[in-house]
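>>> just coords:
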C-alpha cells in the first residue's frame, strides 16, 4: 500500500498531515520521557541524601575532635594536681587512650559515610545508564531518514569502522557506530561504479613540445580506505594496498544548484581541479557512496554520543534536557490531537485506507500515568496539560502516595542497609500491634528503597499503554 493511498484525519474528521502511526509516536515519546525523568528524580534524591550524610559526618567528626581536646585538657589538669607521680603517669595514659577512642569513633563515622557514598554512587551509575538506554531506545530507530550531518568510514586494516552523526530532532544530534555485514573488505572502486573509471590525477611536461599534458590513472582496483560524507561534500582516500604512500585523495562538492566540482591529489603532488570530462565518473562515485551510506545506516547500530545544541550530553541533568526537548518537540502534536478529539478522555485520529476509515485512539490517562509519581516541579516541567483531563488529580494522589519514602537515615555500619521510618498509608493495612517497627525495617537495603526500572507489574503504577482501533 503506497503512502499516497493512506489519509489521516483528526478525531473530528479534520484533514491533517500527521503520519498514521502518530499515536504510537506520542506513546513512545511519553514513555521515553518517563524512563528518563524517574531515574533523574531518584538521582536528585540520592545526591541530596549523599550531601546530607557528608554534612552530618563532618559535623560529628568536628564535635568529636572538640570533645577530645576539651577532655584532654581536663584530664591533664586533673593529673597535674596529683601529688603522686604514678597518678600523673596514669593521667597521661588516660589522655592517650582518650585520643585513641576519639580517633576510632571518627573513623567509624567516616567509614559509615564512605559506605553510604559508595552505595549511592553505584546506584547513581546504574540510573544514569538506564537514562542513556532510554534515549538510545528512542533515538536509534529514528536515525534512518534523519538528516545526516556526517558519515565516516575508515578501514583499520581488518574491518571498516563506520560512524554517523544524525539529527533526529532539531538541536539533538547523535553519533552512532554501525556494524556493516558486507563481506568484501575493503571495497574496490570497481565494485561500486563498475570498470573503466579512469581520471586525471596530475600533469607533466611532454618530452618533445614541453607542454603540460594530463596524467591519468585507473580507479578500478583502488581500495576505499577512508571516506567522509557531509552536507554537500564527499572526501575519499584511495590506494592499491593498505599502508602504501601512493594514494589518491578526492574531494568533491556539490553546490546548491546541483553542480559538481572535484579536486584530485595523487601522493605528494599538488592537487588539481578535475576536468569536465571526469565529472561523470565522480558523479557516479558520489551516488555509489550515497547508496553505501543508506545501506550501512540500516545496519545494526549503537549509540556513541548525544549532543544537545552543540554541547555533549554527559550528566543526568543534560540527559533530562534532551528528554525535555523531545517532549517540547511533540507538545503541539499532542495539543492538536486533544483539541480535535471528540472524547475528552482520549486522543483520537481516523486513518482512511482505500475508502475504508478506521478510528484509532488512546486513553489520555494511560499516557498520563507514565508521568505520575514524579516530583511536582519535574512533572509540570515535562507533562502536557492535555494529558491530564478532569479527574486525573484523584488518580495522581493515589499513584504518588504509594511510592512515598520518609525519614531516610544513614546506612548501617555493619549491615550496610539503610533503615527508614514508614508512616501508615491509607492504601495499605496497618502493621500488627505485636510487630516492632525496628523489626519491620531492619532488613531493608538501598536496593529495596528504589522503584524497580520498568517493572510495571511489581509497582502497580505503570501499565501498558495501548493504541486501540475500532
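Noted; the coordinates are in hand. A quick note: this is a predicted structure, and the numbers were derived from the prediction, not measured.
>>> contacts and neighbour counts: CA atoms only from here.
Noted.
>>> and the spatially most distant residue from the centre of the chain, how far from residue 292?
Distance from the centre of the chain peaks at residue 83, with 74.3 Å (CA atoms, centre = their mean). For residue 83, the distance to residue 292 equals 98 Å [CA to CA, to the nearest Å].
>>> give the buried residues for stretch 104-124.
Buried positions in stretch 104-124, judged by neighbour count with 16 or more other CA atoms under 10 Å: 105-106, 109-110, 112-117, 119-121, 123-124.
>>> tell me how far that stretch lies from the chain's centre.
Taking CA atoms, centre = their mean, to the nearest Å, the mean C-alpha location of stretch 104-124 is offset from the chain mean by 29 Å.
>>> what's the answer for stretch 147-165, then?
So, by CA atoms, centre = their mean, the centroid of stretch 147-165 is 21 Å from its chain's centroid.
>>> go on, stretch 254-265?
Worked out by CA atoms, centre = their mean, stretch 254-265 lies 37 Å from the chain centre.
>>> now the end-to-end length of that stretch.
Stretch 254-265 end-to-end distance (CA to CA) = 18 Å.
>>> what comes up buried for it?
Buried residues in stretch 254-265 (16+ other CA under 10 Å): 254, 260-265.
>>> from residue 65, how far off is the residue sitting nearest the centre point of the chain?
Geometric centre of the chain, nearest residue: residue 132, 2.8 Å, by CA atoms, centre = their mean. Residue 132 is 44 Å from residue 65, where distance means CA to CA.
>>> residues of the lengthiest strand in the chain that come out buried?
Counting by DSSP state E, the longest strand found in the chain is strand 160-169. With burial defined by 16+ other CA under 10 Å, the residues of strand 160-169 counted as buried are 160, 162-169.
>>> note down every partner strand of that strand and its orientation.
strand 148-155 (antiparallel), strand 172-178 (antiparallel) (DSSP bridges).
>>> these two touch, right, residue 177 and residue 162?
Yes - using CA atoms under 8 Å, residue 177 makes contact with residue 162 at a distance of 5.8 Å.
>>> which pLDDT value belongs to the closest residue to residue 382 other than its chain neighbours?
Spatial nearest neighbour of residue 382, chain neighbours left out: residue 324 (6.0 Å); criterion: CA to CA, 6 or more residues apart in numbering. Residue 324 is assigned 94 on the pLDDT scale.
>>> so residue 324 sits in a helix?
Yes - Residue 324 sits within a helix when classified using DSSP: H, G, I helix; E, B strand; the rest coil.
>>> so who does it touch?
Residue 324 makes contact with 33, 381-382, according to CA atoms under 8 Å, 6 or more residues apart in numbering.
>>> ChimeraX command for the buried members of those?
Here is the ChimeraX selection string for the buried members of the contacts of residue 324, based on 16+ other CA under 10 Å:
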select :33,382
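>>> for the contacts of residue 324, which one is nearest residue 307?
Nearest to residue 307 out of the contacts of residue 324 is residue 33 (CA to CA; 16.9 Å).
>>> for that closest one, helix, strand, or coil?
helix.
>>> residue contacts, it?
Counting by CA under 8 Å, 6+ apart, the residues that residue 33 touches are 323-324, 326-327, 382.
>>> max pairwise distance over those: which two?
326 and 382 (9.6 Å).
>>> tell me how the protein divides into domains.
Domain ranges of the chain: 3-38+314-469, 49-130, 182-298, per automatic domain parsing.
>>> of all these, which lies closest to residue 304?
domain 3-38+314-469 (11.4 Å).
>>> and the gap between the residue nearest to residue 382 and residue 117?
Taking CA to CA, one finds residue 324 at 29 Å from residue 117.
>>> for residue 302, same thing?
31 Å.
>>> just residue 225 next, same as before
Taking CA to CA as the measure, residue 225 falls 48 Å from residue 117.
>>> ditto for residue 139
33 Å.
>>> contact partners for residue 132?
Residue 132 neighbours (CA under 8 Å, 6+ apart): 36, 319.
>>> secondary structure class for it?
helix.
>>> pLDDT score assigned to it?
For residue 132, pLDDT reads 94.
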